[in-house]
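**Q** Here is a sequence together with a model predicted from it:
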There are 2 protein chains.
Amino acid sequence: MLTPVEHLSFIKRRKTKAIQLGGLSIGGDAPVIVQSMTSTDTRDVRATVRQIKALEKAGCELIRVAVPDREAAEAIPAILKKINLPLIADIHFDYRLALDAIRHGAAGIRINPGNIPRDKIGVIIRAAKERKTVIRIGVNSGSLQKDLLKKYGGASAEALAESALQTVRYFEDQNFDLIKLSLKSSDVPAMIEAYRAVSARTDYPLHLGVTEAGSLVNAAVKSAAGIGTLLYEGIGDTIRVSVTGNPVSEIPVAYGILRALNIRKIGPDIISCPTCGRCEIDLLKLSTKIEKALTGQKDYLKIALMGCVVNGPGEAADADIGLAGGKGQGMIFKKGKLWKKVAEKDFVNVLLREINVMIEERKKV
Amino acid sequence: MLTPVEHLSFIKRRKTKAIQLGGLSIGGDAPVIVQSMTSTDTRDVRATVRQIKALEKAGCELIRVAVPDREAAEAIPAILKKINLPLIADIHFDYRLALDAIRHGAAGIRINPGNIPRDKIGVIIRAAKERKTVIRIGVNSGSLQKDLLKKYGGASAEALAESALQTVRYFEDQNFDLIKLSLKSSDVPAMIEAYRAVSARTDYPLHLGVTEAGSLVNAAVKSAAGIGTLLYEGIGDTIRVSVTGNPVSEIPVAYGILRALNIRKIGPDIISCPTCGRCEIDLLKLSTKIEKALTGQKDYLKIALMGCVVNGPGEAADADIGLAGGKGQGMIFKKGKLWKKVAEKDFVNVLLREINVMIEERKKV
């Protein structure tokens, strides 16, 4: 009756060039990579390594550190000795810091065409060529070239796109293509349109992000809207969610976006209802406990925690494991089949035990 | 040089029929309405009214209550006496509860075609016609008709769309068009594709939501990805973010999505950076204090709180009021112009005082 409705499994990811960044593939057929940036003083090697390790444990796959001065660049070798993730040095204003970071072994550097002049970028490119260092051309709405701000009357999508594309052409003129592009804006529509424009015109891997996205919930909203819209149309090779706060909190949001769009299924997907006048169990307490117990769990599992019989049995049966609440008790479903009735006081224990069994069983296969 | 990049201000909202729901317009040229649902026992009038008032204060514009039994339906008149929002009764299984809710003055009812048989829907339509009660055809992935689940092998986008469209045709056969549609799924891509399919085939107002979206941050991610993607292509007339927890927490997320996409600008937009090795002020403390002080503030104001000179001056100058941090001090910008230098200890006081002045000045105009 209906013409076929296209499903997500048909997302057609735009073909981009694959690049290698310290053993990690980005673009091409590689998965969408989750990255973050440290908030520590890079010169404080111990604090920086500690944060990178916490980020890695949470699932971060690529790390960027600020290099605001020579001392920060000189800390790179000591940091590299202690970490497993490829490291990118974030450079602004002073091209010599880019040269230092390359020399000290950063797998990649990020330069901002808004604050490094063209001829100095040429010097950086020559150094990067020798070392095969990846360069991200990182355009940002807060630091666009003055001439483009003037031409477009502000950091519009067009201005962001033009900044990136002008710089790309310069790189191509120097025969350097180990590049990634980002066009971050704090304005979500400008960000979406800038990436769309550049994606239509180049095939370099794209690093997606909404910049200066604010505190956790605000950042989750803006990032899921901006990054999510683009990923769902097949645009994007690596993502960063920017949260004001501990960067470790960015990682579950990033994987949440990828999981929601069926792009990478990492971590538990907890389906739980908002509860209403029908709910006769303490669902919030249950879901909070289950979520907390599964923090950091990388295995994908769809877990449905439902308050009543309206959508409960349907959602519970559709999950790997699900609970549909009744009055003081609940029905637990496993892989679509009713498994057993459990009293409310036993919900958490029974579910967690069974979730662990399911994860262990899967590992054996 | 570039072909023009389409900006969000060019979002073309799909034309839908406008309906009236207790004095509130939905669809047509009306703004996208933010709604929620109580989590209280509807029979407990005092608790339900208290929650509705808290939701209204947070910005909720339309409220739904569960009506699982006759006593809940009979509580409607007492609730209506105490609240200002249009009220929708949420009905499942028993068509007689729909008749009760209509009789007791609900502005709208939500029925689920997955659990109310067709002939009983006919009875409901006749009662709704007399009272001009709006009916939402609320399809949900957790409670789809068995025949459709079988036909499509699960609650796919096509199955959801077919459930809604079959029911729409039945309503049209009965000459009843005071309807809204929802096609909620806990699976974001299924939800996006179901709404797209129905939006292409009907012009009834659409109520958007990702169902059973989980705890606050997860719900923010899934809702912003699903609802945001659709709104950005012009689909959607009213939205509900479903959070497991206090429904009041849904409202800032809903307005956050609308604000991020430039659809409705309500509440402060706080642009704040993730901080990095360049940051020399305690930005997290600052942004947390500013955000907390502005909780519940409805006036739109773009506030940039930035850690350093890379993107700080650019973002701060682009905001209504912005701060770019330096070492122990910061530059405050107002409407694009540098206003003054402030010591870190005075950041919160100076910013909050000035924000209040700006909001008051705007009200005078």
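**A** Arrived safely, thanks for sending. Numbers count the residues shown, from 1 in each chain, chains lettered A, B, ... in the order given.
**Q** What residues of stretch A:111-122 count as buried?
**A** A:I111, A:N112, A:P113, A:G114, A:N115, A:I116, A:K120, A:I121 (16 or more other Cβ atoms under 10 Å in any protein chain shown). Every C-beta, even on glycine, is put in place using the N, C-alpha and C of the backbone.
**Q** overlap between those and the residues near chain B?
**A** A:N112, A:N115 (Cβ under 8 Å from any Cβ of the partner chain).
**Q** Which of the buried residues of stretch A:111-122 fall in helices?
**A** Counted as lying in helices by DSSP state H, out of the buried residues of stretch A:111-122, are A:K120, A:I121.
**Q** biggest separation within the buried residues of stretch A:111-122, which pair?
**A** Among these, the pair separated by the greatest distance (Cβ to Cβ) is A:G114 and A:K120, at 12.9 Å.
**Q** what number of residues lie near whatever residue of the stretch 251-365 of chain A ends up closest to chain B?
**A** Closest residue of the stretch 251-365 of chain A to chain B, Cβ to the nearest Cβ: A:N311 (2.7 Å). Counted with other Cβ atoms under 10 Å in any protein chain shown, residues neighbouring A:N311 total 28.
**Q** Surely it touches B:N140?
**A** Yes: under the criterion of Cβ atoms under 8 Å, A:N311 makes contact with B:N140 at 5.4 Å.
**Q** Now the common contact residues for those two.
**A** Shared contacts of A:N311 and B:N140 (Cβ atoms under 8 Å, 6 or more residues apart in numbering or on different chains): B:T211.
**Q** Roughly how far does A:D90 sit from A:G108?
**A** The spacing between A:D90 and A:G108, counted by Cβ to Cβ, to the nearest Å, is 10 Å.
**Q** My error: substitute A:A213 in the last question.
**A** 22 Å.
**Q** more crowded one of these two?
**A** A:A213 (31 against 26).
**Q** leaving aside the residues next to it on the chain, what's closest to the more buried one?
**A** Closest residue to A:A213 apart from its sequence neighbours, by Cβ to Cβ, 6 or more residues apart in numbering or on different chains: A:A219 at 3.8 Å.
**Q** Tell me which helix or strand that neighbour sits in.
**A** helix A:216-232 (DSSP states H and E).
**Q** can you dump the C-alpha coordinates of that helix into PDB?
**A** The C-alpha trace of helix A:216-232 is given here as PDB (Å, rounded to 0.1, in the frame of the first residue of the first chain):
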ATOM      1  CA  LEU A 216      26.200  18.600  29.600                       C
ATOM      2  CA  VAL A 217      22.500  18.600  28.800                       C
ATOM      3  CA  ASN A 218      22.700  21.600  26.500                       C
ATOM      4  CA  ALA A 219      25.700  20.100  24.800                       C
ATOM      5  CA  ALA A 220      23.900  16.800  24.300                       C
ATOM      6  CA  VAL A 221      20.900  18.700  22.700                       C
ATOM      7  CA  LYS A 222      23.000  20.800  20.400                       C
ATOM      8  CA  SER A 223      25.400  18.100  19.400                       C
ATOM      9  CA  ALA A 224      22.700  15.500  18.800                       C
ATOM     10  CA  ALA A 225      20.800  17.900  16.700                       C
ATOM     11  CA  GLY A 226      23.800  19.100  14.700                       C
ATOM     12  CA  ILE A 227      26.100  16.100  14.500                       C
ATOM     13  CA  GLY A 228      23.000  13.700  14.400                       C
ATOM     14  CA  THR A 229      21.400  15.500  11.400                       C
ATOM     15  CA  LEU A 230      24.600  15.200   9.400                       C
ATOM     16  CA  LEU A 231      25.500  11.600  10.400                       C
ATOM     17  CA  TYR A 232      22.000  10.600   9.500                       C
END
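**Q** Next SSE downstream of it?
**A** strand A:238-239.
**Q** what sits up against that next one?
**A** In contact with strand A:238-239 (Cβ under 8 Å, 6+ apart) are residues A:26, A:32-35, A:62, A:180, A:205-209, A:223, A:227, A:231, A:254, A:257-258.
**Q** Intersect these with the contacts of chain B.
**A** Of these, the ones that also sit near chain B (Cβ under 8 Å from any Cβ) are A:S223, A:I257.
**Q** Point out the ones among the contacts of strand A:238-239 that are inside helices.
**A** Those of the contacts of strand A:238-239 lying in helices (DSSP H): A:S223, A:I227, A:L231, A:A254, A:I257, A:L258.
**Q** what's around A:D203, how many residues?
**A** Each residue near A:D203 was counted by other Cβ under 10 Å, and the total is 13.
**Q** can you tell me how far it sits from B:I270?
**A** For A:D203 relative to B:I270 (Cβ to Cβ), the value is 36 Å.
**Q** same question, A:Q174
**A** Counting by Cβ to Cβ, the gap from A:Q174 to B:I270 is 40 Å.
**Q** Please say which of the two ends up with more neighbours.
**A** B:I270 (21 against 15).
**Q** Checking that one next. Helix, strand or coil?
**A** Classification of B:I270 using DSSP: H, G, I helix; E, B strand; the rest coil returns strand.
**Q** Let's have the ones in helices among the contacts of strand A:238-239 in TSV, adding neighbour count and pLDDT.
**A** Shown next, in TSV, are these (neighbours: other Cβ atoms under 10 Å in any protein chain shown; pLDDT from 0 to 100):
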residue	neighbour count	pLDDT
A:S223	32	98
A:I227	31	98
A:L231	24	97
A:A254	31	98
A:I257	31	98
A:L258	24	97
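**Q** Closest one to A:R46 out of those, please.
**A** Using Cβ to Cβ, A:A254 is the member of these that sits closest to A:R46, with 25.8 Å.
**Q** Spit out the contact partners of that closest one.
**A** A:A254 neighbours (Cβ under 8 Å, 6+ apart): A:V34, A:G59, A:S223, A:I239, A:R240, A:V241.
**Q** In the residues you listed, find the pair that's most separated.
**A** Most distant of the contacts of A:A254, by Cβ to Cβ, are A:G59 and A:S223, 15.6 Å apart.
**Q** lowest confidence element among the helices and strands of chain A?
**A** helix A:312-318 (a mean of 89; mean pLDDT, DSSP states H and E).
**Q** No more questions from me, cheers.
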